[in-house]
Every structure is written in structure tokens, then in C-alpha cells.
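> Mind folding the following:
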Amino acid sequence: MKFEADLGQFRLRYRQSSLVNSPHVVKLSGGRSSAYMLAHLLKTNLLSKERGDVVIFNNTAAEHPETYQFVKKLKYLTEKEFGIPFFMIEFATYEDISFGNRVRFSTFRIVNEMPRNSDNQNGYHYKGEVFEELLSHTAFLPNRHRRVCTSAMKIKVSEVFLSSWFACEDELAHLGHYGETSRMTDEGICTAHAKNGGKTPGAILLNKRKFVRNRPVSRPNQKFQDFTTVDLSDRQIISMQDATFGGEVDLRNRDFPVSFVSLVGLRADEPARLKKLNARICGSEDGEDSKPSSERVYTPLADNGYTKKDVSSFWSSQSWDLGLNSDSNLSNCMFCFLKGSKVLQQIASDLAYTSLSNEFAETPMDVAWWERLEREYGRDLILEERKKTNQESDVSFIGFFGENAKFSYNYLKLCANKSLPREALLEDESEILACNCTD
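Prediction:
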């Protein structure tokens, strides 16, 4: 297996000449465009192990099975043929003490390229566990205007991973206590929630926290070498050495400024997404959900003028490819609320058969899974005694789509089962920010 076609000219146009010596991070979405970008970078020798370059794929556990197979092939090729480390990482939580109370903290875990099962505890999750762990941890549903899923499972996870990677430690330290089960108490959960300004009634909050309380209470120590075939024994990143303290690099520390290059697979024919990406980059640096000030984001496909036509032409000439129709909109989280009402209705119809499959029933491949999450983690304004934003609205439940009475995953489920005609549309789709998944 290899990249078989001639890729043509490709350059990285640095805005700062010093960045040529800074680590480069390829943020792979798992789609064709970001993989096409990776092929260019590898074939033109624009990535370097010695510089500290790395490829990362953030797994949400809500991807299409074909995406995982594609990422597995890309990881194998990147490491075996080009010697560049490639890591799959996931959002995770662990349990520890804070001011005398047992609480959950967020972190990440490294996973290998095979599915998780009893014989492969370090495998990737693929039945929505990561996504639901986040929802249960925050007791909050992301929506089109507050994308906590993107910030927590993509932006923050990448930053924490890179903070450790750039420090050139051999392994990640154990996090959490050494017990086998959760030591959190109902009283402790409610007290911590109230102390942080939360107003969700205790019984509702505890119900939302059930899932995360049954997740692993710790992240064991993990050796980087166990998750890549690239030899890391002589690894050092000169540009990061002076900023390394306690086994990590603080990417937001302005007293020890460092820089790294992020490479994102947006194309030249995606002007709206490029504009929004640039706005996000130039916005409030070092905000909770923003990129760290040390990150320099580049879109080499767009900079070199490549479009969807070029991406399609390249993959059609390969003997291997992502096993999804390019027009199916099945890349990234299966039923992501950012995909738009028409697209989601089509996906629900196309994948209605999954509800009959033992393998994929009640997983992110099944719209019923998304309907359950919306129902269990959404906000019931009446039960939670909350005020409506729009007093004239008859909406009393806030789901993935915000205060939208007509559109929900329950509606999509009924459409897929042909119980309702496909008529409802989101009113403000043009205002939705593109997901940070980049493909």
C-alpha cells in the first residue's frame, strides 16, 4: 500500500521564517481532504521526525466504521513508509480529590488502531462511549452555537496531548486513584455542582452523571512508544527544551514563548469555512475554547489552490480509498448537528437499516442513539425550573438544535421510520459555524 499518483507541486508558505524549525502537527479529520493534505506533506518531505512533527487523529467514538479503517491505513503508511509518528487520541476523564471532594477531571488517552475489546484494552472506542462520557461529565448538550464537543474532544485534547509530546517524555503519568470503582458520592456531586454555579436539580444532575461515574476512574501510565512503530529512543525537540517543565510544555505560557505549526485540511473551494477558521484564529487567543497563542494554523491545500475536484481525482487513481461515497456526508460524527437539516434527514433515511443490525443498533450509526442522548442530556426547562430565553416561544426543551421546537433527533428517528414526512428545516442554518473537524 502506498500513495500511487503524482501529486504535483506543493509548498508551505510560512508567514514567519522561524517556523520552519518549529514542530509541525497534522490534524487529520479522517476524511479525504485531510488525507490528501497528508499525502502531499509526506511525499514532498515537508514533515520531519527530528523536528518533532506528528500526525494526530481525535476519536470521538462517533465516526463511521469506514473512517476507522481509512485512518488505520493512513497510520500504517505514515509510520512505515515515511517514519512520522501517528497517534490516535481520545477525550477521557479520571477521578481524583479536589478540596476534599471526589470529582472528575478531563484528560486524554492514547489508543491503538484496533477496536477496543476485552483482549485489547488500549483499542479505540467506536460505540459512542467517548462522546457520551463528555456529555455525562458536563451534564450539558453541545449545540450549534456552543460546540463544547469540538472544544473538549478536539481543541483541548490536542493541546494537552501536544503539551506532553513536545516535552519528549517517554510516558504519560498515571492519573486518578487506584481503586476499581468510583468513590464519588451523590452529595459530593451536587455540592460541587452548586459551588460552581450550577442550577440543575439534584435528581436530574445525578441521572445525567450516571454514565461518567461508570467510566474508568483512572488513566494508567502510557508509553508513547507502545502506540507507534516509529523509533522514539533518540527523540528531542530543540525548540521546546527551554519551555519544558514537569514533563510538559505550557503552550499558553508567554514567559517561555514557543511556536508550533498546525496543518488543517481545508480546501481553496471552501471560502466560508476558511473565513470562519481565520476569524477563530484571530479572535480571543488563550480563551478557554480557543487555540493556544503558540499555535500557528496553516491550510496548505487552500494555499496551493487545491479543490474538491483535485481531492477526488487523486483518490480515484488510488488502489485504496475511504470507503464512503464522497457525497454521502458520512465523514466525522455520524449525525453531527452541524451537518444541516436536509443532510441529516437523508442520512437518517439512508442508515435506517442500522437499527436492524445487532452490531450497530444503539450506536452513533443509529439515529436512535442520538435521540436517546438528546432526551437524557437535554435541558427540560419546566423540570429544571429555568426561564425561557424567548418568553413567547412554546419550546420547553433544549436539545442539540437549541430552542427549535420542530427539529430534533426524535423527529429524525420518526422520519427514518417513515412515521413523519420530511418537512422540518432549521431556520438559521446559514449562521452555523463549521465544525473544527475540517472535513
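> List the residues that contact L74.
L74 is in contact with L28, A35, L38, V55, F86, counting by Cβ atoms under 8 Å, 6 or more residues apart in numbering. Heads up, the C-betas are built off the backbone N, CA and C, glycines and all.
> the helices in the stretch 151-300 of the chain, which residues?
157-165, 186-195, 202-208, 210-213, 271-281, 300-303 (DSSP state H, counting those that start in this stretch).
> among those, which gets the worst mean confidence?
The stretch with the lowest mean pLDDT among the helices of the stretch 151-300 of the chain is helix 271-281, at a mean of 79.
> Surely Y76 is in contact with M1?
Yes - in this structure Y76 lies within contact range of M1 using Cβ atoms under 8 Å: 7.1 Å.
> Could you pull out the strands in the stretch 51-200 of the chain for me?
54-59, 86-98, 101-111, 171-172, 175-176 (DSSP state E, counting those that start in this stretch).
> Output those in JSON lines; the columns should cover mean neighbour count.
Shown next, in JSON lines, are the strands of the stretch 51-200 of the chain (neighbours: other Cβ atoms under 10 Å):
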{"stretch": "strand 54-59", "mean neighbour count": "24"}
{"stretch": "strand 86-98", "mean neighbour count": "20"}
{"stretch": "strand 101-111", "mean neighbour count": "20"}
{"stretch": "strand 171-172", "mean neighbour count": "18"}
{"stretch": "strand 175-176", "mean neighbour count": "18"}
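> Need these in TSV (columns: distance to S396 and mean pLDDT).
Below are the strands of the stretch 51-200 of the chain laid out as TSV (distance: least, Cβ to Cβ, whole Å; pLDDT from 0 to 100):
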stretch	distance to S396	mean pLDDT
strand 54-59	34	98
strand 86-98	30	97
strand 101-111	29	96
strand 171-172	44	96
strand 175-176	38	97
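> for the stretch 101-250 of the chain, which spans come out with low pLDDT?
Counting by pLDDT under 70, the stretch 101-250 of the chain shows no low-confidence range.
> on that earlier part again, let's have the strands of the stretch 51-200 of the chain in TSV, adding distance to G378.
Below are the strands of the stretch 51-200 of the chain laid out as TSV (distance: least, Cβ to Cβ, whole Å):
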stretch	distance to G378
strand 54-59	24
strand 86-98	20
strand 101-111	21
strand 171-172	34
strand 175-176	29
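> Nearest to F260, out of those strands?
Evaluated over these, closeness to F260 peaks at strand 54-59, with 9.7 Å, by Cβ to Cβ.
> ok, the contacts of L74 vs R375, which is closest?
Lowest distance from R375 to the contacts of L74 (Cβ to Cβ) belongs to L28, with 32.6 Å.
> The closest one reaches V54, doesn't it?
No - taking Cβ under 8 Å as the definition, L28 is not a contact partner of V54, at 10.5 Å.
> Compute the distance between the residue nearest the centre of the chain and R296, please.
Of all residues in the chain, the one closest to the mean position by Cα atoms, centre = their mean is K154, 3.6 Å from it. Using Cβ to Cβ, to the nearest Å, K154 is found at 17 Å from R296.
> quick one: contacts for G399?
When the contact criterion is Cβ under 8 Å, 6+ apart, the partners of G399 are L141, N143, E374, G378, S408, Y409.
> could you check the distance from the first one over to W369?
Which is L141. Distance of L141 to W369, computed by Cβ to Cβ: 14 Å.
> Next: the fifth one.
Note on S408: its distance to W369, by Cβ to Cβ, is 14 Å.
> quick revisit: hang on, the residue nearest to the centre of the chain packs against N58?
Yes - K154 is in contact with N58 according to Cβ under 8 Å; the separation is 5.0 Å.
> and S262, how many neighbours?
For S262, the neighbour count with other Cβ atoms under 10 Å is 19.
> re earlier: for P364, which of the strands of the stretch 51-200 of the chain is the nearest?
Smallest distance to P364 across the strands of the stretch 51-200 of the chain (Cβ to Cβ): 11.6 Å, for strand 54-59.
> Okay, now the sheet partners of the closest one, with direction.
Each strand paired with strand 54-59, and its direction, by DSSP bridges: strand 24-27 (parallel), strand 86-98 (parallel).
> export those strands to TSV and tack on distance to E171?
Shown next, in TSV, are the strands paired with strand 54-59 (distance: least, Cβ to Cβ, whole Å):
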stretch	distance to E171
strand 24-27	20
strand 86-98	13
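> how's the protein carved up into domains?
What automatic domain parsing lists as the domains of the chain is 17-316, 341-431.
> Of all these, which one is nearest C333?
Between C333 and the domains of the chain, the shortest gap by Cβ to Cβ is with domain 17-316, which sits at 4.2 Å.
> Quick one: end-to-end length of the closest one, please.
Counting by Cα to Cα, to the nearest Å, you get 36 Å between the two ends of domain 17-316.
> do stretch 189-208 as well
For stretch 189-208, the first-to-last residue distance is 11 Å (Cα to Cα).
> now do stretch 348-358
First-to-last residue span, stretch 348-358, Cα to Cα: 17 Å.
> Quick check: mean pLDDT of that stretch?
For stretch 348-358, mean pLDDT rounds to 71.
> Look up how far Q121 lies from the closest residue to T93 other than its chain neighbours.
Counting by Cβ to Cβ, 6 or more residues apart in numbering, T93 lies nearest to R104, which is 4.6 Å off, once chain neighbours are set aside. Applying Cβ to Cβ, the value for R104 to Q121 is 20 Å.
> do the same with P271
Applying Cβ to Cβ, the value for P271 to Q121 is 44 Å.
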